[in-house]
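Asker: Just the structure for this:
(2 chains)
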There are 2 protein chains.
Amino acid sequence: MDARFDGLYSATAHDLRRSVIRELLKLTRNPDIISFAGGLPDPATFPTREIEEISAWVIRTHGATALQYGPTEGDMGLREQLCKFMATDGIAVEPKDILITAGSQQGLDMVGKIFIDPGDAIIVELPSYIGGLQAFAQYRPECHGVLQDDEGMIHGHLEKKLAELHRLGKRVKFIYVVPDFQNPSGVTLAGERRQRLVELAEEYDTVIVEDSPYRALRFEGEAPPPIYAVDKHERVIYLSTFSKIFCPGFRLGWVVANPELMDKFVMAKQALDLCSPPFTQEITAEYLARGYMPAKLKEIAKLYRVKRDAMLGALNRHMPRGVKWTKPQGGLFLWISLPEHLDTTELFKTAIEHKVAYVTGADFHCVGSGKHTMRVNFSYPTVEQIEEGIKRLAQMFKEVI
Amino acid sequence: MDARFDGLYSATAHDLRRSVIRELLKLTRNPDIISFAGGLPDPATFPTREIEEISAWVIRTHGATALQYGPTEGDMGLREQLCKFMATDGIAVEPKDILITAGSQQGLDMVGKIFIDPGDAIIVELPSYIGGLQAFAQYRPECHGVLQDDEGMIHGHLEKKLAELHRLGKRVKFIYVVPDFQNPSGVTLAGERRQRLVELAEEYDTVIVEDSPYRALRFEGEAPPPIYAVDKHERVIYLSTFSKIFCPGFRLGWVVANPELMDKFVMAKQALDLCSPPFTQEITAEYLARGYMPAKLKEIAKLYRVKRDAMLGALNRHMPRGVKWTKPQGGLFLWISLPEHLDTTELFKTAIEHKVAYVTGADFHCVGSGKHTMRVNFSYPTVEQIEEGIKRLAQMFKEVI
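Answerer: Residues are numbered from 1 along each chain as shown, chains lettered A, B, ... in the order given. Next up, the predicted model:
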């Protein structure tokens, strides 16, 4: 390894690590391997016909603006459509409250940039979304984890952690939650916990980062309100994305925040990439304007429900005693826990020998715990692959337990 | 202003400033104002027909991959096409040496992230590209400027600055140059200075960031080689973009770097936005593969040459004594210097009253100089607007000189 430039790197660059998931995925390119490791939507859900038609329409009717630089805040038509879209979920905002981003990931990076100085305390879930952890890690925070149970982040633990940090004179910069069908656990934060969460944010004078890419993909049960809608103090930054409900290949997401915070996000976005692509924003706006989204959401939820059922069924049929898993009511993932003496990172090679792949649980834990856990995805593999893959995983577990 | 969150911001967020250009542009939306302030390409150069056709082709032939997540490094087809494109300019690289970015701006942000810790020394041109200065400023460097003359950054001054910083025990993290038809000055770095620049980078053990968005738009004269091609020590990071030669609305640029540095760029990109959009990357790759680019470059250069000639002609005809300007051989901008006692920031309101706009020169200078200068753009306004706008500017100058 050429190390000539070591002395030139920033502290952040010295610490930069390749994404564990992305590196693991390289091992799973062998077509014999059934991979539950990715987080990809099923491409059968992409509205290719509509996108083809609308792309041509955008270029024909206003190509000169679609191919030009656009406003940093995002295409006005798309932000107007997003206001209507979020209103159906109880989120009342105006276009000025929205910034269009390059997927949620860019929103997470900006959250890190805006709030974190090296050593600052932040609170995340155990486990938490790996892309969020990675984005925040660039800014070198002191990362505190709060355990989840089947109803999400345990509010008693959160309260204890906030009090403890307060006693130490550490102000918590933000609390990061993926409240709906969490990536990676599949768990949804219960309604009364959302209420308690916003009260605690107010009490401890911090903000909540609500990252909600999967919320619209509910298969069953009643949805608790978005944390953004529960909050009365403008302390919630709401992030979402078109990646799981439309297509990830446009790399379009959005941030909702109060005017003071929005000002910081817009300035951060200017320095990051000036603006997101007007072309794909206008296609997406027109897709929403033509009213395609409600039926598309139903179609995706229906498909993923079948796949989740296939996975739960296979787990029930094949898994040995001692293996537990979550039962998500929506989204793309579920979470498997092995007996605590097992280490899914050590077992990864064995899994590859069994021609099945997952993401190691430890990588979703900022505090080194979760070694006996793993994330599995049910949106991308076929029903047949789910059955066969879970069978292979169960076979391996039987050998090692 | 709500300042509740002041205590939560990072040092970077406290310092974040809105882009001067973007804010000034808001003043110029009045259609009576002739604006030389923007940096937009002429939309008449956008290949709308080809993009419409290729968009449909991409979706029809491989919609499932174009709309899915893609590799962080960028679409392989596009990187292969870029290798061929750069080879015609004497840059010999393989796809693994290239990372696709969200315009050059994302490349500049990553340069800041990878190299700058607060207080680190960097060297930029006087004047320098405002978007680069803004990207780097987020990482809070100590910014040193080196004057340019008609042949670009003055190498004697650069050598003196490097020696001085070396004596102070400060390692220069990088030297940032826009060598071809510089934004903002329009000046091109002379061939022998490129040679001296790479020698100095080797001698002082630093890297050169070569930001080259305008290089392919040469109207006349012989092009000196890219700094990347002159360098023998892999010390050059080369940045470019499709924004000025294809369309800015796709927000696609690229970075070329040696394998050690590339590793850092790829990891930084993962945390920023996972990947750039496969859809627009594949459209761009196909546009290059179909061989449209050489004719397009000639067409753009021909159009901008006419506009530059219109601007130089108008300047010659209308400007009072004491006003000087550069004579760029390509690109989108030229640079006007007034007598030193005048301040273009103070004059901006007067200019707006005269219904003409520019960008204030001080904002391109990291060290507070350049108050009597301004950038004017000739790619976006029509030939008639150029004549009338320069006349208005000259009238105002006559009143204040």
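Asker: got the contact list for the helix or strand hosting A:Ala394?
Answerer: Taking DSSP states H and E as the criterion, A:Ala394 maps to helix A:383-400. The set of residues external to helix A:383-400 that reach it, using CB atoms under 8 Å, 6 or more residues apart in numbering or on different chains, is A:34-36, A:306-307, A:310-311, A:313-315, A:318-320, A:323, A:336, A:338, A:342, A:347, A:350-351, A:354-356, A:358, A:376, A:378, A:381. Just so you know, the C-beta spots here come from the backbone N, C-alpha and C atoms, and that holds for glycine as well.
Asker: Check the gap between A:Pro47 and A:Ser243 for me.
Answerer: Distance from A:Pro47 to A:Ser243, counting by CB to CB, to the nearest Å: 14 Å.
Asker: Comparing the two, which residue is more hemmed in?
Answerer: The residue with the greater number of neighbours, taking A:Pro47 and A:Ser243 and applying other CB atoms under 10 Å in any protein chain shown, is A:Ser243; the counts read 23 against 19.
Asker: Verify the stated contact: that one with A:Pro41.
Answerer: Yes - using CB atoms under 8 Å, A:Ser243 makes contact with A:Pro41 at a distance of 7.1 Å.
Asker: and A:Leu239, that's in a strand?
Answerer: Yes - per DSSP: H, G, I helix; E, B strand; the rest coil, A:Leu239 lies within a strand segment.
Asker: shaky segments in chain A?
Answerer: The model of chain A has pLDDT under 70 over residues A:1-2, A:19-25, A:28.
Asker: Tell me what angle the longest helix along it forms with helix A:383-400.
Answerer: As far as residue count goes, and with DSSP state H defining each element, the longest helix of chain A is helix A:293-318. An angle of 30 degrees separates the directions of helix A:293-318 and helix A:383-400 when computed by axes from the mean of the first three to the mean of the last three CA atoms, to 10 degrees.
Asker: after helix A:293-318 comes which helix or strand?
Answerer: With DSSP H and E setting the assignment, the helix or strand that follows helix A:293-318 is strand A:324-325.
Asker: Against which helices or strands is that following strand packed?
Answerer: Taking 3 or more CB pairs under 8 Å, 6 or more residues apart in numbering or on different chains; DSSP states H and E as contact, the helices and strands that strand A:324-325 lies on are strand A:333-337.
Asker: Pull out the C-alpha coordinates of whatever helix or strand comes next after the strand it packs on and format them as CSV.
Answerer: Using DSSP H and E, the helix or strand that follows strand A:333-337 in sequence is helix A:348-353. Coordinates of each C-alpha in helix A:348-353 appear next as CSV, following Å, rounded to 0.1, in the frame of the first residue of the first chain:
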residue,chain,number,x,y,z
PHE,A,348,-20.1,-15.3,8.0
LYS,A,349,-17.6,-17.5,6.1
THR,A,350,-19.5,-20.6,7.1
ALA,A,351,-22.7,-19.0,5.8
ILE,A,352,-21.0,-18.3,2.4
GLU,A,353,-20.0,-22.0,2.3
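Asker: May I see the buried residues of helix A:348-353?
Answerer: Residues A:348, A:351-352 are the ones in helix A:348-353 that count as buried (16 or more other CB atoms under 10 Å in any protein chain shown).
Asker: could those be laid out in a markdown table, adding distance to B:Glu151?
Answerer: What follows is the buried residues of helix A:348-353, written out as a markdown table (distance: CB to CB, whole Å):
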| residue | distance to B:Glu151 |
| --- | --- |
| A:Phe348 | 57 |
| A:Ala351 | 61 |
| A:Ile352 | 58 |
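Asker: Mind listing what's buried along stretch A:5-15?
Answerer: Using 16+ other CB under 10 Å as the burial criterion, the residues of stretch A:5-15 that qualify are A:5, A:8-10, A:12-13.
Asker: hmm, which two among those are most spread apart?
Answerer: Considering CB to CB, no two members of the buried residues of stretch A:5-15 lie farther apart than A:Phe5 and A:Thr12, which are separated by 14.3 Å.
Asker: what about the closest residue to A:Thr206 other than its chain neighbours, how many neighbours?
Answerer: The shortest distance from A:Thr206 to any residue other than its chain neighbours is 4.6 Å, reached at A:Val172 (CB to CB, 6 or more residues apart in numbering or on different chains). Using other CB under 10 Å as the criterion, A:Val172 is surrounded by 23 other residues.
Asker: Lovely, talk soon.
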